[in-house]
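# Here's a sequence, model it:
(chains A and B)
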Amino acid sequence: MAQNADNVLDHFDLFRGPEYQQMLANKAEKFEGRRDPAEVERVREWLKTEEYQEKNFAREALTVNPAKACQPLGAVFVAVGFEGTVPFVHGSQGCVAYYRSHFSRHFKEPTSCVSSSMTEDAAVFGGLNNMIDGLANTHAMYKPKMIAVSTTCMAEVIGDDLNAFIKTAKEKGSVPMDFDVPFAHTPAFVGSHITGYDNAMKGIIEHFWDGKAGTTEKLVPTPNGSINFIGGFDGYTVGNLREIKRIFNEMGVKYTILGDNSDVWDTPTDGEFRMYDGGTTLEDAANAVHASATISMQEYCTEKTLPMVAEHGHQVAAFNHPISVKATDKFLMTVAKLAGVEIPASLEKERGRLVDAIADSSAHIHGKKFAIYGDPDLCYGLAEFLLELGAEPTTVLATNGNKRWEEKMKALFASSPFGKDCQVYSQKDLWHLRSLLFTRPVDFLIGNTYGKYLERDTNTPLIRIGFPIFDRHHKHRYPVWGYQGGLNVLVQILDKIFDTMDANTMIAGKTDYSFDIIR
Amino acid sequence: MSVANEETVDIKARNKDLIKEVLAVYPEKTAKRRAKHLNVHEQGKSDCGVKSNIKSIPGVMTIRGCAYAGSKGVVWGPIKDMVHISHGPVGCGQYSWSSRRNYFIGVTGVDSFGTMQFTSDFQEKDIVFGGDKKLAKLMDEIQELFPLNNGITVQSECPIGLIGDDIEAVSKVKSKEYGGKTIVPVRCEGFRGVSQSLGHHIANDAVRDYIFDKQDPAKLAAFESTPYDVAIIGDYNIGGDAWASRILLEEMGLRVIAQWSGDGTLAELEATPKAKLNVLHCYRSMNYISRHMEEKFGIPWCEYNFFGPTKIVDSLRKIASYFDDKIKEGAERVIAKYQPLMDAVVAKYRPRLEGKTVMLYVGGLRPRHVIGAYEDLGMVVVGTGYEFAHNDDYQRTAQHYVKDGTLIYDDVNGYEFEKFVEKVQPDLVGSGIKEKYVFQKMGVPFRQMHSWDYSGPYHGYDGFAIFARDMDMAINAPVWKMAKAPWKEEAAAKAIAAE
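Numbers count the residues shown, from 1 in each chain, chains lettered A, B, ... in the order given. Below you'll find the model as predicted:
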């Protein structure tokens, strides 16, 4: 018996003992109908070959381990960023259980969201009654300031019309006539979670600016010099948005963050559960129409939102998840220009500190090869930074990347001598990446938690940057934008490089001559 | 009237008031519907007095999932040597990817696929023109790229049933084309039924229809039967639960020929009709196939509970009662062997946990099954409820588990659960990831009772030691004393003193 009350063994050690090992071997041999171990070994090796890669890349129907989620997830991300807002997803209820779990596993925070719980009868007759009852219940129970509606694929396939349904629900008294219920159709079979972000953000902004679905007058913009800021779908939203606010305050910029979920996903443990915390006030969301300019930090999260904003007379600017010195330079210069302010010396000093850190450490990164996967803007921002560090972003993959992104990545590679051998892959998944990591090995992999399977199979050390991060804690609290964010990313990369060096040199009397105390 | 009785009367009155208070928030129609799902348990009643397995109410923030979660996430997903296709848009497979901790041994991507996300990633054109052609092609690609897979299942997401795809026809054609390969179409679209529960049932039926009914008797499992062959049914090997159970069955002299479905294989499913007894842990999710095997193959089944020494002892003896003296003696030997460990665990943790109260809200079997384990540690379950139980679950709960006056809540929602915990002030809440941080913010210790909060196993004797350690760790963590700022505490104390 391995178990012991004084030293309780859990799954890490319990099953490695002889009793369990023997039991498991016996199970495999007698009952599992397992394949011949030699055959397993042969296939395992075959999976590493160019031949396999060719077949793998010839896939047309099968997706294996994609790095993307579906639209409504992005809509929920947007909705919780507004003051007192409940995301309401019209369709099957299981979806909402999934979104809430997904966010809670990443942020280690509660995520409140309701469903209209449509079942078979709604599939036949439509979900109007679910909308009517659902809005009434949500409004009565959770006393929100706003309910932001999006859809699951079920509601989209049967063709439920949100605009008409919400109107009818209001007429039936589910919520007061003037209660804010912005909406967005977010079919899961189009695009990904970043598309859902775009649709939901556009839906909320249009609601406030363009007459609340025909129920009030459209607002007439009277530019006031303020700047609107849209972050995009971002696993680091807590740290990033706070950093952006700090930067704007430092610069003296008047701003509105549209979709500020930095507080609701970072509430204190002090004896009180806050279903709502912080967020863009509804008043600010409406007044944002009077801003002079709107900035998107992630171009591919706002492909529809930003042009819509521009039609309201705003100057607009889109960035690609700026991490590098150059990208933050451009971001700050753009903000300064749009807001008519100077970049303060304090930020220039921060810039200098990041450059200083890069100078101190670049020898350890220079020439190293990286594979990156994630959302398109994150991939771009990371690749741009690596090029700046003299590293090679050899393989960059976004399952939800489009052609425009692919072209932009290629242009980025062409702009640097370190981009010479770099390849970009859109609409590919992590099983494609697995092949690439065998046929074109790299030194490090950057990606989300699911990258650990690639780390295990290909022996490529994983640097966890992306979404979701389930198996490391609190990363979302640290910004990856701005000079401070760049520094955080730099340190995270360096930590993995140094840990890997140490792990490779720590056999006493054999490799430990390189087990240096100073690096 | 004794003091204990007076206490129970008080608690019952408080719980009844609490239910009233909670119902007051709802619009009238909703209050009427929810009232049927909330109750205070009366000793001696044959069930818990709540309605169950009824549609959730729109907009209330139900904690439930869907049929797909019940089939792919629970029943089929853990079968490790088959490829399970999440058929439809990308999300369902993505959110359920590796999140249930069904441990298995195997080379992922080569001969095992349990922690991979295979999806047809439906696009608009698949919705418009149908996905059958894509599905057929996708199966060819699986065959080529994962040649050692032993079978394929098609786990339907919502659109499949709505657009009229014929996944049964595709599966049949492809099975024939691949020489009779097991390909199982599963109609577990998320909009079917009211919760995960129908997904379990549909998944069970799919095993019956596409494995048992299609079985070639000539190709049945190669091993020689023994009089002591049993199958573990309804253990998903979360954190290794099934392993910590199997070891006890084997130690008492039984031979486990199949695990359903944690760390299980297609061959194990196929061999199960050779079992002499099916031992059933999660009644809710696998009673259907157990009943079927009883009817069709004459295999008896026996429910058991491997949480905590009291229930484990009962269960080992109950299982042994189906066999001869050799096994009965084996059960006593196992009980005696582990007794010192259990004594040591209880001696260590019970003093730290004695009298602590617990509120539970979980899925299939745990809202009742774990009560004994808490009681072994001197703890009291004061409230419990199920996400997707049926009345037979509440009968079992009432007759064998809960105490008089226990608060019962079926398909509880965010609002109700928060209010209940706020008023009852338990020392521990055991529920899921969606609930965890709500209660921790409130300063209430919490353990996830789906995933074991990334710990486990909790089944069996080995598991109980971990269970006890974890409950102690949750309740007695220093962090819960720090929730209030000291200056706030001082102010509160002064206010009380001034009264």
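# check which helix or strand covers A:L135.
helix A:128-142 (DSSP states H and E).
# For that helix, what is the distance to the chain centroid?
Remark: helix A:128-142 is offset 30 Å from the chain centroid, using CA atoms, centre = their mean, to the nearest Å.
# Now do the helix or strand following that helix and helix A:128-142, the angle between them.
Using DSSP H and E, the helix or strand that follows helix A:128-142 in sequence is strand A:146-151. Between strand A:146-151 and helix A:128-142, the angle comes out at 150 degrees (axes from the mean of the first three to the mean of the last three CA atoms, to 10 degrees).
# hmm, who's touching strand A:146-151?
A:71-72, A:75-76, A:78-79, A:82-91, A:131, A:135, A:138-139, A:160, A:162, A:166, A:175, A:179-187, A:196, A:199-200, A:203-204, A:282 (CB atoms under 8 Å, 6 or more residues apart in numbering or on different chains). For every residue, glycine as well, the C-beta is placed using N, CA and C.
# Let me know the next secondary structure element after it.
By DSSP H and E, the next helix or strand past strand A:146-151 is helix A:153-158.
# Give the rounded mean pLDDT of that next one.
On average, the pLDDT along helix A:153-158 is 98.
# same deal with stretch B:374-389?
98.
# ok, it near chain A or not?
No - with CB under 8 Å from any CB of the partner chain as the criterion, chain A is not reached by stretch B:374-389; the gap is at least 9.3 Å.
# Can you give me the pLDDT of whatever residue of the stretch 51-200 of chain A ends up closest to chain B?
Residue nearest to chain B within the stretch 51-200 of chain A (CB to the nearest CB): A:G94, separated by 2.4 Å. If you check A:G94, the pLDDT there is 98.
# and if you look at B:G364?
pLDDT, B:G364: 86.
# nearest spatial neighbour of it, skipping sequence neighbours?
Spatial nearest neighbour of B:G364, chain neighbours left out: B:R284 (3.8 Å); criterion: CB to CB, 6 or more residues apart in numbering or on different chains.
# Please name every helix or strand in contact with the helix or strand encompassing that neighbour.
Using DSSP H and E, the element containing B:R284 is helix B:283-297. Packing partners of helix B:283-297 (3 or more CB pairs under 8 Å, 6 or more residues apart in numbering or on different chains; DSSP states H and E): helix B:196-207, strand B:229-235, strand B:277-280, strand B:301-303, helix B:391-400.
# Can you tell me what sits against stretch B:175-184?
With CB under 8 Å, 6+ apart, stretch B:175-184 has contacts from B:76, B:82, B:139, B:143, B:150-154, B:171-172, B:174, B:206-207, B:210-211, B:214, B:216, B:266.
# from the middle of its chain, how far away would that stretch be?
Distance, centroid of stretch B:175-184 to centroid of chain: 31 Å (CA atoms, centre = their mean).
# do the same with stretch B:29-41
Distance, stretch centre to chain centre, for stretch B:29-41: 24 Å (CA atoms, centre = their mean).
# quick one on the thing from earlier: which one of the helices and strands packed on helix B:283-297 is the most hemmed in?
strand B:229-235 (a mean of 27; mean count of other CB atoms under 10 Å in any protein chain shown).
# ok, so what distance separates the residue of the stretch 51-200 of chain A closest to chain B from B:G131?
20 Å (CB to CB, to the nearest Å).
# Just want to know which of the two has more residues nearby.
Neighbours per residue (other CB atoms under 10 Å in any protein chain shown) separate A:G94 from B:G131, with A:G94 holding more: 31 against 24.
# Report how many residues lie close to the residue lying closest to that one once chain neighbours are set aside.
Excluding the flanking residues, the one nearest A:G94 by CB to CB, 6+ apart is B:C66, at 2.4 Å. When neighbours are defined as other CB under 10 Å, B:C66 has 35 of them.
# Pull up the per-residue confidence for B:C66.
For B:C66, the predicted pLDDT is 98.
# circling back to that earlier point, just say helix, strand or coil for the residue of the stretch 51-200 of chain A closest to chain B.
Per DSSP: H, G, I helix; E, B strand; the rest coil, the secondary structure class of A:G94 is helix.
# again, but for the one 5 residues further on
Remark: A:Y99 carries the secondary structure label helix [criterion: three-state DSSP].
# Just the pLDDT for it.
98.
# Kindly report the residues of the stretch 201-350 of chain A close to chain B.
So far as CB under 8 Å from any CB goes, the stretch 201-350 of chain A lies against chain B at A:267-274.
# Could I have the PyMOL command that selects the buried members from the residues you listed?
Buried subset of those, written as a PyMOL selection, criterion 16 or more other CB atoms under 10 Å in any protein chain shown:
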select buried, chain A and resi 267+273
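# Format the residues of the stretch 201-350 of chain A next to chain B as JSON lines; extra columns: pLDDT and secondary structure.
JSON lines is the format used below for those (pLDDT from 0 to 100; DSSP: H, G, I helix; E, B strand; the rest coil):
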{"residue": "A:T267", "pLDDT": "98", "secondary structure": "coil"}
{"residue": "A:P268", "pLDDT": "97", "secondary structure": "coil"}
{"residue": "A:T269", "pLDDT": "97", "secondary structure": "coil"}
{"residue": "A:D270", "pLDDT": "95", "secondary structure": "coil"}
{"residue": "A:G271", "pLDDT": "95", "secondary structure": "coil"}
{"residue": "A:E272", "pLDDT": "96", "secondary structure": "coil"}
{"residue": "A:F273", "pLDDT": "98", "secondary structure": "coil"}
{"residue": "A:R274", "pLDDT": "98", "secondary structure": "coil"}
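# before we move on, the earlier item: quick one: the helix holding A:L135 near chain B?
Yes - on the criterion CB under 8 Å from any CB, helix A:128-142 is in touch with chain B at A:130-131, A:133-138, A:140-142.
# Please indicate which of these are buried?
Among these, the ones that count as buried by 16+ other CB under 10 Å are A:130-131, A:133-138, A:140-142.
# looking at it, the residue nearest to A:G94 is touching A:S115, isn't it?
No - with contacts counted by CB atoms under 8 Å, B:C66 stays clear of A:S115, the gap being 9.8 Å.
# joint contacts of those two?
A:92-93, A:95, A:97.
# May I see those residues arranged in CSV, with neighbour count and distance to B:H400 as well?
Formatted as CSV, the shared contacts of B:C66 and A:S115 follow (neighbours: other CB atoms under 10 Å in any protein chain shown; distance: CB to CB, whole Å):
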residue, neighbour count, distance to B:H400
A:S92, 32, 34
A:Q93, 29, 30
A:C95, 33, 35
A:A97, 27, 29
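# I'd like to know which of the residues you listed is nearest to A:W46.
Set against A:W46, the nearest of the shared contacts of B:C66 and A:S115 by CB to CB is A:C95 (37.7 Å).
# Would you check that the closest one makes contact with A:T152?
Yes - judged on CB under 8 Å, A:C95 makes contact with A:T152 at a distance of 4.5 Å.
# Between the two, which contacts overlap?
A:72, A:89.
# I'd like the average pLDDT over the helix holding A:L135.
Per-residue pLDDT over helix A:128-142 has a mean of 98.
# what packs against that helix?
strand A:85-90, strand A:114-115, strand A:146-151, helix A:162-171, helix B:28-35.
# can you list the ones you listed in CSV and add mean neighbour count?
What follows is the helices and strands packed on helix A:128-142, written out as CSV (neighbours: other CB atoms under 10 Å in any protein chain shown):
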stretch, mean neighbour count
strand A:85-90, 29
strand A:114-115, 30
strand A:146-151, 28
helix A:162-171, 18
helix B:28-35, 16
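# Can you check which of these gets nearest to A:K30?
strand A:114-115 (45.5 Å).
# Please name the strands paired to the closest one in the sheet, noting orientation.
strand A:85-90 (parallel) (DSSP bridges).
# Not counting its own residues, what contacts the strand it pairs with?
Taking CB under 8 Å, 6+ apart as the rule, strand A:85-90 contacts A:72, A:75-76, A:79-80, A:95-96, A:99, A:112-116, A:118, A:127, A:130-131, A:134-135, A:138, A:142, A:144-152, A:155, A:160, A:162, A:165, A:276, A:279, B:59.
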